[in-house]
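> Sharing a sequence plus its predicted fold:
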Amino acid sequence: MTHISSPSFDISQALKRIHCSLVKNHDSSFSKSICDAVLNLVKKVLIGIDAYLYKKCVFSLLNLVAEESFASSECRAEALYLLATECLEQGRQSGELITLWSQNSKRGQHVVESDDHIPHLMRAKQYLLQAVSFIGPASSLLSRSVLRTLALVLGPEELNVECGISTGELVHSSIGSSARQAVARGLDADNPLDNRFRPVFEALDHPFSKQNERNEMIEIMHELGHQCIPHRWKFVAITLCPTGEVLVSIAQPSHDVNDNQFFSYQTQCVLPHRFNEFEETVLRPFDDIMDQSRNQISGIDSDVANDKYNNCKEKKQAWWNQRYNLDEKLCQLLEHFDERYFQSSGLEDLMSVDGLDEDDTCIGNLSARFDAVCNIDKKESGTREDTVPSKEELNKLTVVKLKERLVDLGCSPNDFRSLRKAALIDFLHREALEGCRSKPKSQEKISPNENCIFLILDEQIQRLPLEAVATLHDRTVCRLPSLPFAISSILRKQSNEDSLLSPIDLSKTKYVIDPESNLKETQERILSTLTSVSENNNWDWEGRVGEAPAKDFMYRALQEKCGIFLYFGHGGGERFFSRTDIEELTSDSTCVDPFSSVILMGCSSGMLMSPNCQKGNSGDKMHFEPDGIALSYLCAGAPCVVGNLWDVTDRDIDRYSVSLLKGIYQARGPTNLAKCAMSSRGACKLKYIVGSAPVIYGIPVLIGPLK
């Protein structure tokens, strides 16, 4: 008789006893606490070195919980998710995941011929399709994990049409849920405009168990978005899957050859070379750089630095050497990210602005752009249609050239990828004629914010300054919690027919400088710049310098229609105007456009932080999505908020601020706030550790009346 006393025997017996107990008493045993205990035990077993010994028992338990109607929805969802992750791991080891996301040399045609080639991933997909019917909004960690893992196993959009769920929609649904819900809760049921926005903010969080309703709401969101969003704005959602893959999904307004309007999604997956690659090569090194920078500048302002270092040349030089070293480390980290996750995976091309630079031809006049790309001279007489080449002339162009012309006209490649030459000619000719006949004023005036990339970043990736990577160099880049924020901001600002976005009225500037009165040099630098601008333009601005602003001043500053509020001090000004104050500001507001654009030039004013992960997030599970004062302003209705992702030194950020102010108030032509904020980064002495800290949340609001 063999005596067995090994730990594996004990665990195996324990799992079997639990299984038997649940089977016998299933109707009374499936309380949430029992389920949680069972699932916690299973998770501990699965991460152990000998997990393979207990797979059969574990799978039996998980299936029991998943199929038990007495179990809570959350428990069933988690059981199904755990079953799916086991199948996903088998699919990864067998190469199925590579097969799913690999592409032939011809873009868009995938090598997966049938489901038989990816059996493990198909099982994972079935588990996850069941799991989504039990989950709540993506503000919970479990829901985010289910959505992202399902997107991963569904593969590119072309492969998941039949299941009725888009990979891209899953990725976008998994990011920014808390912010969407915060806005949805604040909508007034008696306000017609708010009711118009309700499906926009609720669509991506609507239950999958009500799939038809969810699809209808998403269609409404897309329809409203298509009506107002410039068709060359791209919304780039980037998320880190629980299993280490990085999914990038690009959404963009589009239409097909029959003029059916929709949002196109293109999703790509960057597979890790090894376990935890993204965390080890990106997140941890970035957090280490931030920790070193924070420790180096903690408690040091200009006055302290003068006292401590000016009398000792060696100490001063050593301090600067550390700063330059950190700047170089951050530069190298961003170069690595760009090469590994954008350039090598083809995302650089996907995020390009379809062949035209930002200052090229205007989006509003399609025939003008057609003339430009086809080198057609306008006739002195005749109609504008006369300038459009005939179909016979177009027939002389190659298929490649025809497609290039369509891209230059702003059409998405998805619109014409499968068309033959004759259909391409018809499509191109119709697009050009349409541009000649319709000159919507609302589009003619948006050239300064025509091209923009919006980063929608998940809770882990949002702390990275991706705007500074080479792929996005010289582009206008903004951040958004989610696509609905762009739609609502534009619709709220469409107060007349002559402009897509009401521009900032620079005469309506209000400012707060150094409210704690301990940044004397900042006071001098910023105030002299603002005074010069206001005097030159005879503007009578209201501001507070060296003193705390009263709440009634903040109300006036923030509720100025088409105004701009400038803050230069510590943090985001929370000590004087808290996030609660911001929420109260809009609680009784019925204005269509009640909020100014906001610039917060203080340390970490643009940082978003999860309540359960304060500093050094690497390796931690964020149960709550990050939040911060910049997001509070955005949720309350500010169309654009500029803030810093981390702590910065006052002199270098003042260089940025002065450059930003000059870009805004001394612009020689139409521009937008986001473009000014991006182009001012070069003014910093340290281009990365300081220059890449400022980011833009919201939309690229125009500056000044367009001439």
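Great, that's in hand.
> SS state for the nearest residue in space to residue 480 that is not next to it in sequence?
Leaving aside its chain neighbours, residue 480 sits nearest to residue 454 (4.9 Å; criterion: C-beta to C-beta, 6 or more residues apart in numbering). C-beta: built from backbone N, CA, C; applies to glycine. Following DSSP: H, G, I helix; E, B strand; the rest coil, the label given to residue 454 is strand.
> next one: residue 604
Going by three-state DSSP: residue 604 is coil.
> what about it, distance to residue 573?
For residue 604, the distance to residue 573 (C-beta to C-beta, to the nearest Å) stands at 12 Å.
> you'd agree the residue nearest to residue 480 is up against residue 482?
No - using C-beta atoms under 8 Å, residue 454 is not in contact with residue 482, being 9.8 Å away.
> ok, the residue nearest to residue 480 - how many residues close by?
When neighbours are counted by other C-beta atoms under 10 Å, residue 454 registers 27.
> again, but for residue 67
Number of residues near residue 67 (other C-beta under 10 Å) recorded here: 13.
> same deal with residue 220?
Residues near residue 220, counting by other C-beta under 10 Å: 16.
> quick one, what contacts it?
199, 200, 203 (C-beta atoms under 8 Å, 6 or more residues apart in numbering).
> who wins for neighbours among those residues?
Within the contacts of residue 220, neighbour counts (other C-beta under 10 Å) peak at residue 200, which reaches 28 neighbours.
> Now do the contacts for the residue positioned nearest the centre of the chain.
Centroid-nearest residue in the chain, with C-alpha atoms, centre = their mean: residue 456, separated by 0.7 Å. For residue 456, the contact set (C-beta under 8 Å, 6+ apart) comprises 172, 175, 176, 235, 236, 237, 238, 479, 480, 481, 482, 483.
> Closest one of those to residue 42?
Of all the contacts of residue 456, residue 42 sits closest to residue 175, with 28.0 Å by C-beta to C-beta.
> Over to the nearest residue to the closest one once chain neighbours are set aside: give its phi and psi.
Spatial nearest neighbour of residue 175, chain neighbours left out: residue 458 (5.0 Å); criterion: C-beta to C-beta, 6+ apart. Main-chain torsions, residue 458, degrees, to the nearest 10: phi -70, psi 180.
> Am I right that residue 432 is in contact with residue 388?
Yes - at 4.5 Å, residue 432 counts as touching residue 388 under the criterion of C-beta under 8 Å.
> quick revisit: tell me how far the residue nearest to the centre of the chain lies from residue 623.
For residue 456, the distance to residue 623 - C-beta to C-beta - is 20 Å.
> For the one helix or strand residue 62 maps to, buried residues please.
Using DSSP states H and E, residue 62 maps to helix 55-67. Neighbour-count burial for helix 55-67 flags 57, 58, 60, 61, 62, 64, 65, 66 (criterion: 16 or more other C-beta atoms under 10 Å).
> Then stretch 75-82?
In stretch 75-82, counting by 16+ other C-beta under 10 Å, buried: 75, 76, 77, 78, 79, 80, 81, 82.
> Mind checking what secondary structure the fifth one has?
I take that to be residue 79. Assigned by three-state DSSP, the conformation of residue 79 is helix.
> residue contacts, it?
Shown in contact with residue 79 (C-beta under 8 Å, 6+ apart): 39, 62, 63, 65, 66, 71.
> between these, which is nearest residue 190?
Once C-beta to C-beta is applied, the member of the contacts of residue 79 that ends up nearest residue 190 is residue 71, at 40.1 Å.
> Any chance of the backbone angles for that closest one?
Backbone geometry at residue 71, expressed as degrees, to the nearest 10, gives phi -70, psi 150.
> Same check on residue 514?
In terms of degrees, to the nearest 10, the main-chain angles of residue 514 are phi 50, psi 60.
> Check the one 10 residues further on too.
For residue 524, the backbone dihedrals are phi -60, psi -50 (criterion: degrees, to the nearest 10).
> And for residue 141?
Dihedral angles (degrees, to the nearest 10) for residue 141: phi -60, psi -40.
> could we number from 20 for the rest of this?
Noted, 20 is the first residue going forward, which turns the last one into residue 160.
> And for it, nearest residue in space, chain neighbours not counted?
residue 642 (4.8 Å).
> Verify the stated contact: the one you found with residue 478.
No - with contacts counted by C-beta under 8 Å, residue 642 stays clear of residue 478, the gap being 9.6 Å.
> Can you name the residues that contact residue 259?
Neighbouring residues of residue 259 by C-beta under 8 Å, 6+ apart: 265, 297, 477, 479, 480.
> Kindly confirm whether my reading is correct that residue 674 touches residue 702.
Yes - if you go by C-beta under 8 Å, residue 674 and residue 702 touch, sitting 4.6 Å apart.
> gap between the closest residue to residue 317 other than its chain neighbours and residue 709?
Computed as C-beta to C-beta, 6+ apart, the closest residue to residue 317 that is not its neighbour in sequence is residue 666, at 7.8 Å. Between residue 666 and residue 709 the distance is 10 Å, computed by C-beta to C-beta.
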